[in-house]
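**Q** Below is the structure, and that's it, no one-letter string:
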């Protein structure tokens, strides 16, 4: 059935279709849980001590992972923003999430938590995204490009 071409059926036909869909939804839920369990058991990879990013705040200069922690912070949240090289704007959902985090960044800092954003895009694309989203001036975390992200 093409989108916008809904049909009206009797209760019995609707219930049959609903139960078929419910069975698919349950199977999908099981598959999502299976993949999530695999993700939780992925092996860890220890980054090299000199692992670097290109910092937007530093005009594209290299920034060490250790330098992503703001002074006094003992923890770091790294948000991967889906923004590829040459893309006009970041992912809508990533932007929405970042907007929410920026609204409570002071609460994170009060708990000694730093916040950084990484993306595959180059630092100029990242700067453009900052301006486009109105994050210039309100973003005090570190915005970085990371060329190794898949």
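**A** Received, thanks. Not measured: the values here are computed from a predicted model. Residues are numbered from 1 along each chain as shown.

**Q** tell me which element residue 16 falls in.
**A** Residue 16 belongs to helix 11-40 when assigned by DSSP states H and E.

**Q** Okay, buried residues for that helix please.
**A** Buried residues in helix 11-40, counting neighbours by 16 or more other C-beta atoms under 10 Å, are absent. Where C-beta positions appear, they are placed from N, C-alpha and C, glycine not excepted.

**Q** Was I right to think residue 78 contacts residue 116?
**A** Yes: using C-beta atoms under 8 Å, residue 78 makes contact with residue 116 at a distance of 5.2 Å.

**Q** all strands for this protein, in order.
**A** Along the chain, the stretches classed as strands by DSSP state E are 52-55, 62-64, 75-80, 113-119, 142-145.

**Q** is it possible to export the ones you listed to CSV including mean pLDDT, distance to residue 103 and mean neighbour count?
**A** Putting the strands of the chain into CSV (pLDDT from 0 to 100; distance: least, C-beta to C-beta, whole Å; neighbours: other C-beta atoms under 10 Å) gives the following:
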stretch, mean pLDDT, distance to residue 103, mean neighbour count
strand 52-55, 72, 23, 20
strand 62-64, 75, 25, 15
strand 75-80, 86, 14, 14
strand 113-119, 83, 12, 22
strand 142-145, 52, 17, 24
